[in-house]
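S.K.: Mind folding the following:
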Amino acid sequence: MVRTEDSRPQAGRRGRPRSFDRATALEKAVMAFWERGYEATSVSDLTRVMGIGAPSLYAAFGDKQALFEEVVRAYDERYGSFGVRALTEEPTARAAVARLLREAAAEYTAPGHPHGCLYAHAATNCTNAEVEEFLRGRRNATIAAIADRVRAGVAAGELPEDTDAEALARYTGVVIQGMSQQARDGASRQELEAVAEFALSIWPRT
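M.R.: Residues are numbered from 1 along each chain as shown. Okay, the predicted model is just below:
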């Protein structure tokens, strides 16, 4: 694979202690990628917001793509884990999706960080095929987890036997991704909560 801006320098890689807090620098990288997206965030942007030089960035995190993948994992742990909790902690499939949508409305509009979902915004105008596939895999994993929860609901008798779990999961994914973009465009938490309630109004019932 050929890398240009992302390529690591070949010299000066060892023997120098870090003079920065790695966790703090990583959080700043999360904010940069979340705000600007993958393609629009350059290495020079990253070194500026992280407060480190390029050699320190490469030594601590690898190239831009490796840093981004670590950023996504950090985002999942700190900002995106509400989805997993909703799908695993609620007693029914409908309650799980209701919580997922309502918490998305809250998280996507919360103060203190960029609005919307990092997954969705980072993919905008992305020309790196590996990054595109990485983000697509994350989004598809969410759809698959929702579909699994729906199928469990059908098996438990919560939902009609003819419920199309895949279609219902993809519908939910469309709503979530749309909510993310609406949040970027300035929609309020209350407006997105109204969208969530409307989406839930068509949920199949036994």
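S.K.: so where's the chain uncertain?
M.R.: For the chain, the stretches flagged by pLDDT under 70 are 1-19.
S.K.: most centrally placed residue in it?
M.R.: residue 119 (3.7 Å; CA atoms, centre = their mean).
S.K.: check which helix or strand covers it.
M.R.: helix 118-122 (DSSP states H and E).
S.K.: Mind giving me the packing neighbours of that helix?
M.R.: With contacts taken as 3 or more CB pairs under 8 Å, 6 or more residues apart in numbering; DSSP states H and E, helix 118-122 sits against helix 22-36, helix 64-78, helix 129-155, helix 165-184. From N, CA and C alone the C-beta is placed, and that goes for glycine too.
S.K.: quick one: contacts for residue 88?
M.R.: Residues in contact with residue 88 (CB atoms under 8 Å, 6 or more residues apart in numbering) are residue 96.
S.K.: Now name the helix or strand holding it.
M.R.: Counting by DSSP H and E, residue 88 is found in helix 82-89.
S.K.: What residues of that helix count as buried?
M.R.: 83, 86, 87 (16 or more other CB atoms under 10 Å).
S.K.: Just give me the closest of the residues you listed to residue 161.
M.R.: The closest of those to residue 161 turns out to be residue 87 (CB to CB; 21.3 Å).
S.K.: I'd assumed residue 109 was in contact with residue 115.
M.R.: Yes: between residue 115 and residue 109 there is a contact at 5.8 Å, judged by CB atoms under 8 Å.
S.K.: All good on my end, thank you.
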